[in-house]
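Participant: sharing a sequence plus its predicted fold:
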Amino acid sequence: MSIEVVNITKSYKNFTALKDVSLQIPEGELVALLGPSGSGKTTLLRLIAGLEQPEQGSILFNGEDNTDRDVRERRVGFVFQHYALFRHMNIFDNIAFGLTVRSRKTRPSKQEIHERVHSLLKLVQLEGLAHRYPSQLSGGQRQRVALARALAVEPKFLLLDEPFGALDTKVRQELRRWLRHLHGKLGLTILFVTHDQEEAMELADQVVVMNEGRVEQVGPPEEIYNYPANPFVYSFLGRVNLFRGRIQNGIVKLGEAEFETDSVQQPGEYPAIGYMRPHDVEVSLTPKWEQSVQAQIRHISPLGPIVRLDLKRLDTEEVFEAELTRQRFTELGLAEKAIVYVTLHNLSFYVDSQPAQAPSPAFIPLQASI
Amino acid sequence: MRKSLRNKGFLPGFGMTMGYTIVYLSLLVLIPLSVLFLKATTMSWEHFVGTILDSRVLASIRVSILTSFFAACVNAVFGVLVAWVLARYQFFGKRIIDGIVDLPFALPTAVGGIALTSIYAENGWIGQYLAEWGIKVAYTPLGIWVALTFIGLPFVVRTVQPVLQDWDLQMEEAAATLGASRLRTFVRVILPHLMPAILTGFALAFARALGEYGSVVFISGNMPLKTEIVPLLIMTKLEQFDYAGATAIAAVMLIASFVMLLIINYLQWRINKFDAAR
């Protein structure tokens, strides 16, 4: 079922969680709500579920207005970050809960409930654990019970709040793959909240990037990564280097390097910030291009298949990162303190409107590594 | 050697704390109560049975157990209500209400008994209106029940309140998204979680009520066979220098309380299975 959110505003006592947010989620898609904490993504999810009420705007399921409908009648599958399983019920009763609480008229027979629960246990690969209690299961198993419980009532769609947030890396990856598989099998619309950009990229058909109660960009993961709409999205989706400079008549000066750009074509001179991914930094022993600048290697971090270099430009003293393949790194025979040439590819420029402000959260890890 | 060191954990001292626990319990509970049983054994069996099966004693045991039980039942219901209000809502004067709950603990129970008697007597504040309906509270078992409810109130509140304060609201939300009505959510999700605490509170209130003396003697009227409670009967026996008789009754009460606490503990264990499985 499709979900449509129209001009939703929601505020709590002293801050606005969502500011005039509109969003369309087509039927059958696996969509990620991605953003830092406090960006309003969980609030949006809870509004869609009916666990919160918006001040303004409306929420439509398949075009039908559900804004004033009670959470009990929305038939939405909701999975909580900490599972919220009923501790005093065994797994069977947990999954059956949504069926057994129905009024006598609509409640399925005992036999039907039994069959349904067991087919769900099979779906979440937890057969044989029906009589255990939640406290006897691992985190990953609990999460799957929570999913099965949500699916038992045949929801119109699934909403998952940081579904893998409390799990360790390995289990998380397994569950991601499994969720993808489940989505393919059921064809259900799934909307999940995450602050982990890798998770969003890996799982979702569409990613909704949120920040400070607004939707920054919506699109497939590829598009969002390659064509970020603004500096926030750029810096939120992966590691980023920032270079400060000035832009004048389509020419950007970043220290000794100059770039032509068509992204900002206003006349006059402005402060500018260039954003680029560490893997777009080309490191060489000789200048490759006229824009190549000199930099000193401050630190080398071998990270499995890639090697990350902490570099400092000699002309502007800016600190940045480069990522090389292990092979390239060995070819160049680099060592700490060495001076190399770097060539900056795929820079995106944005006019720096508030030069005094720290522009992005991604800048923080860069500084932290100094 | 190394292993045993490691198993001691960060705060060792099992031996010491356990030793003090045993000494403490022995001095305060076990030895006095054993002496009670020893004293009771100085009686002949016939004398013992004769004392216990005396109609006045049997009537007082009946009154004591029934009034204590119903008082604990009322507290189990309304104590949960009070705890609910205190744990879930913020309102003006919450701290005052929170403090009022402990008053029955703090007040000398005789004071409570006198206050209750004056209010519920036939010419008292509330008693006069109840009298119009033909309900007599003071000097009837109903009065005993009121007094025992009064002194048992804090127990359920104070055992249930922390459980409600730690309650995970998401469980309620989960129940709501699964379509459960408010009532069903309460009965099937919240209540089972409170049950162990309610039972503990119930057991404490019940045990306290069985032994209560101070507040009851004023409101009950102390009529033999009607409104006489066991502790009062024991006092009466003592005043008549019938020490053996008093201890015989005490021993019976002790066994009765012990059995009832065991039953409640068993029930608690049954309900608590999901926690024990951890």
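Facilitator: Alright, I've got the coordinates. Numbering: from 1, shown residues only, chains lettered A, B, ... in the order given.
Participant: which residues in the stretch 51-200 of chain A form strands?
Facilitator: Assigned by DSSP state E, counting those that start in this stretch, the stretch 51-200 of chain A shows strands spanning A:56-61, A:64-65, A:77-79, A:157-161, A:189-194.
Participant: out of those, the one nearest chain B is which?
Facilitator: strand A:77-79 (4.2 Å; C-beta to the nearest C-beta). Just so you know, the C-beta spots here come from the backbone N, C-alpha and C atoms, and that holds for glycine as well.
Participant: quick one: buried residues of that closest one?
Facilitator: A:77-79 (16 or more other C-beta atoms under 10 Å in any protein chain shown).
Participant: against chain B, which of the residues you listed make the cut? List them.
Facilitator: Among the buried residues of strand A:77-79, the residues lying close to chain B (C-beta under 8 Å from any C-beta of the partner chain) are A:77-78.
Participant: make CSV out of the buried residues of strand A:77-79 and add pLDDT.
Facilitator: Output for the buried residues of strand A:77-79, formatted as CSV (pLDDT from 0 to 100):
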residue, pLDDT
A:Gly77, 92
A:Phe78, 94
A:Val79, 93
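Participant: quick check: A:Glu27 is in a helix.
Facilitator: No. Assigned with DSSP: H, G, I helix; E, B strand; the rest coil, A:Glu27 falls outside any helix and is coil.
Participant: please look at it and A:Ile190 and confirm they touch.
Facilitator: No. Contact criterion C-beta atoms under 8 Å: A:Glu27 and A:Ile190 do not qualify, at 11.0 Å.
Participant: those two: who's more crowded?
Facilitator: Using other C-beta atoms under 10 Å in any protein chain shown as the criterion, A:Glu27 and A:Ile190 rank with A:Ile190 on top: 26 against 13.
Participant: so for the helix or strand harbouring B:Val35, mean pLDDT?
Facilitator: If you go by DSSP states H and E, B:Val35 is part of helix B:31-41. Mean pLDDT, helix B:31-41: 84.
Participant: stretch A:45-60 too?
Facilitator: 91.
Participant: go through that stretch and flag the buried ones.
Facilitator: In stretch A:45-60, counting by 16+ other C-beta under 10 Å, buried: A:45-52, A:54, A:57, A:59.
Participant: out of these, which are close to chain B?
Facilitator: A:49-51.
Participant: which ones among these map onto helices?
Facilitator: Judged by DSSP state H, those include A:Ala49 as members of helices.
Participant: which of the ones next to chain B among the buried residues of stretch A:45-60 sits closest to B:Thr149?
Facilitator: A:Leu51 (38.7 Å; C-beta to C-beta).
Participant: hmm, that closest one is touching B:Glu173, no?
Facilitator: Yes. A:Leu51 is within contact range of B:Glu173, at 5.4 Å (criterion: C-beta under 8 Å).
Participant: overlap of the contact sets of those two?
Facilitator: Common contact partners of A:Leu51 and B:Glu173 (C-beta atoms under 8 Å, 6 or more residues apart in numbering or on different chains): A:71, A:78.
Participant: residues from the stretch 101-250 of chain B in reach of chain A?
Facilitator: B:168, B:170-171, B:173-181, B:184, B:188-189, B:192-193.
Participant: show the buried residues in those residues.
Facilitator: By 16+ other C-beta under 10 Å, those give B:170-171, B:173-180, B:184, B:188-189, B:193 as buried.
Participant: can you lay out those as JSON lines showing secondary structure?
Facilitator: Shown next, in JSON lines, are these (three-state DSSP):
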{"residue": "B:Gln170", "secondary structure": "helix"}
{"residue": "B:Met171", "secondary structure": "helix"}
{"residue": "B:Glu173", "secondary structure": "helix"}
{"residue": "B:Ala174", "secondary structure": "helix"}
{"residue": "B:Ala175", "secondary structure": "helix"}
{"residue": "B:Ala176", "secondary structure": "helix"}
{"residue": "B:Thr177", "secondary structure": "helix"}
{"residue": "B:Leu178", "secondary structure": "coil"}
{"residue": "B:Gly179", "secondary structure": "coil"}
{"residue": "B:Ala180", "secondary structure": "coil"}
{"residue": "B:Arg184", "secondary structure": "helix"}
{"residue": "B:Arg188", "secondary structure": "helix"}
{"residue": "B:Val189", "secondary structure": "helix"}
{"residue": "B:His193", "secondary structure": "helix"}
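Participant: would you agree A:Tyr133 is in contact with A:Phe86?
Facilitator: No. Using C-beta under 8 Å, A:Tyr133 is not in contact with A:Phe86, being 9.6 Å away.
Participant: pop the domain breakdown of chain B in here.
Facilitator: Split into domains by automatic domain parsing, chain B comes to B:12-41, B:45-276.
Participant: what about the longest one, average pLDDT?
Facilitator: In this model, domain B:45-276 carries a mean pLDDT of 89.
Participant: distance between that domain and the chain's centre?
Facilitator: 5 Å (C-alpha atoms, centre = their mean, to the nearest Å).
Participant: quick one: B:Val80 from B:His193, how far?
Facilitator: 12 Å (C-beta to C-beta, to the nearest Å).
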